[in-house]
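Trainee: the following block contains a protein sequence and its predicted model.
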Amino acid sequence: MINKEFGSDFHSCDEGFFLSKKNFFFSDSKNFSYFLSGRSALYALLKHGIKNSVWTKVYIPSYYCQDVIENLSELNIQVIVFQSNPNNLILDYDFFEDVNTSVFINVNYFGVLDFNVQVFKNIIVVDDLTHNIFAIKNSTACYVFASLRKQLPVPLGGVLYSPNKLELPLGEDNSQADQAAEHKALGMFLKTEYLHNRFPNKDVFRSYYIMAEEQLTALYKDYKLPVLAENILKVLNVERILRMKESNFKFALNHLKEYSNYIFSLDLNSLGLLLFFNSNLQRDFVRARLIEYKIYSSILWPNQKTNEDIIYQNRFLFLHTDYRYTEEDIIYITTILKQSIQECPT
Ligand SMILES: Cc1ncc(COP(=O)(O)O)c(C=O)c1O
């Protein structure tokens, strides 16, 4: 690659990460159902549960992707947001109505943390394994859903799974959803071309990403996975992509030994480098410095609502160390990171 840059959205998948023989990581079986996005998978599941099992309440932790919470307001279910963030995942059992018409969204944070749902006896537990899709098949929840585009180079997509083989809803066809997939896939292709210096204009590929994102924001209901995205997903070597992320993460940790107090988790399941700074000032300084070196980090998630969550959000930073990068790239990323931390005025 000639136009090196790091982080941000995936470009289209490079050779070597496709399956050589048909061995789809997920499954074509009936206990998997595929949707346009993670939020549409959750929307579809709740709609199905409200209709067929009279679900009346859904509990969601406050520290979450806020769009997902907002999208549920149209459903005929009480959405109860309880205070919780990755610094404090202890559940106050008395707060929850532990009955089989209540649903608890067990968010797996960044691949490394989730709630102790063993405390519940009757509640319907739904795991959100967006940040750890390797764990989907080992889940013991009633249902699992995940957004696929956070760990995999797919334009978009969401999956719903039932470990207990419970009946799952199917998504609806939608031509605008197909168009969102086309826009995103084109953006991903043009980004690849840009990175290889075969396409000059970054604004053009970015405009396709932005367009697709805007379309996805509008299309949060129960739409099915567009055929284009399904075809891309089915040929990905998911196992290899995720193993490569693990080995890059391990390599990054080796280069950050003296900086471990900035790293939120050393667990190899980590989505990437989860950094937690001493202050918002320090986080923003480092973030801006990284951008100067074309390293684009992200905040998971912006627009938090409660003071406690805003404080957490303001000190957090996520750096991609996924399958896209070579060891040389990881050395570059960690060197700039260390340099930026050292340069930060105290
Ligand atoms: C943990 C988690 N769950 C669900 C979602 C929603 O996924 P999608 O954007 O595919 O709707 C996201 C997106 O940020 C997420 O991070």
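Mentor: Structure's in. What do you need? Residues are numbered from 1 along each chain as shown.
Trainee: give me every residue in the chain lying close to the ligand.
Mentor: 37-39, 65, 68, 107, 128, 130-131, 147, 149-150, 158 (CB under 6 Å from any ligand atom). Bear in mind the C-beta positions are built from the backbone N, C-alpha and C, glycine included.
Trainee: hmm, which two among the residues you listed are most spread apart?
Mentor: Farthest pair in the residues of the chain next to the ligand (CB to CB) is Val107 and Arg149. Separation: 16.9 Å.
Trainee: tell me who's in contact with Gln215.
Mentor: 176-177, 179-180, 183 (CB atoms under 8 Å, 6 or more residues apart in numbering).
Trainee: would you write a ChimeraX line that selects the buried entries of these?
Mentor: Command for ChimeraX that selects the buried part of the contacts of Gln215, burial taken from 16 or more other CB atoms under 10 Å:
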select :177,179,180,183
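Trainee: what about the strands in the stretch 151-300 of the chain?
Mentor: Under the criterion DSSP state E, counting those that start in this stretch, strands of the stretch 151-300 of the chain are mapped to 158-161, 273-276, 295-296.
Trainee: residues in contact with the helix or strand just after the last one?
Mentor: Think strand 295-296. Going down the chain from strand 295-296, the next helix or strand is helix 307-315, by DSSP states H and E. Applying CB under 8 Å, 6+ apart, the contact partners of helix 307-315 are 62-63, 83, 85-88, 276-280, 283, 299, 301-302, 304.
Trainee: let's see 10 Å
Mentor: Identification of contacts with helix 307-315 by CB atoms under 10 Å, 6 or more residues apart in numbering yields 61-64, 66, 83-88, 264, 275-284, 299-306.
Trainee: can you check stretch 280-296 too?
Mentor: Contacts for stretch 280-296 (CB under 10 Å, 6+ apart): 3-9, 262, 275-277, 279, 297-299, 310-311, 313-317, 319-320, 329, 332-333, 335-337, 339-341, 343-346.
Trainee: repeat that for 6 Å
Mentor: Outside stretch 280-296, the residues within contact range by CB atoms under 6 Å, 6 or more residues apart in numbering are 5-8, 277, 297, 314-315, 317, 333, 336, 340, 344.
Trainee: and the buried ones among the residues you listed, selectable in PyMOL?
Mentor: Only the buried entries of the contacts of stretch 280-296 go into this PyMOL selection, using 16+ other CB under 10 Å:
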select buried, resi 5+6+7+277+297+314+315+317+333+336+340+344
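Trainee: can you pull out the low-pLDDT segments for the stretch 1-150 of the chain?
Mentor: 1 (pLDDT under 70).
Trainee: give me the nearest residue to the residue in the stretch 101-250 of the chain that the ligand sits nearest to, chain neighbours excluded.
Mentor: Residue nearest to the ligand within the stretch 101-250 of the chain: Ser147 (3.0 Å; CB to the nearest ligand atom). Once flanking residues are discounted, Ser147 sits nearest to Gly38: 2.7 Å by CB to CB, 6 or more residues apart in numbering.
Trainee: do the same with His183
Mentor: Closest residue to His183 apart from its sequence neighbours, by CB to CB, 6+ apart: Ala212 at 4.1 Å.
Trainee: tally of neighbours for the one you found?
Mentor: 23 (other CB atoms under 10 Å).
Trainee: so what pLDDT did it get?
Mentor: Ala212 is assigned a pLDDT of 98 by the prediction.
Trainee: gap between it and Leu281?
Mentor: Distance of Ala212 to Leu281, given as CB to CB, to the nearest Å: 34 Å.
Trainee: Ser37: neighbour count?
Mentor: 26.
Trainee: what about stretch 293-300, how long is it end to end?
Mentor: End-to-end distance for stretch 293-300, by CA to CA, to the nearest Å: 21 Å.
Trainee: contacting residues for Val99?
Mentor: Taking CB under 6 Å, 6+ apart, we find Val99 in contact with Asn122.
Trainee: now do 8 Å
Mentor: So Val99 contacts 122-123 (CB under 8 Å, 6+ apart).
Trainee: how much space separates it from Leu129?
Mentor: Applying CB to CB to Val99 and Leu129 gives a distance of 24 Å.
Trainee: picking up where we left off before, surely the residue nearest to Ser147 and Ile133 touch.
Mentor: No: in this structure, Gly38 is not within contact of Ile133 by CB atoms under 8 Å, at 10.6 Å.
Trainee: now the common contact residues for these two.
Mentor: Listed as contacting both Gly38 and Ile133 by CB under 8 Å, 6+ apart are 146, 148.
Trainee: pull out the buried positions in stretch 142-153.
Mentor: Here stretch 142-153 shows 142-153 as buried, counting by 16+ other CB under 10 Å.
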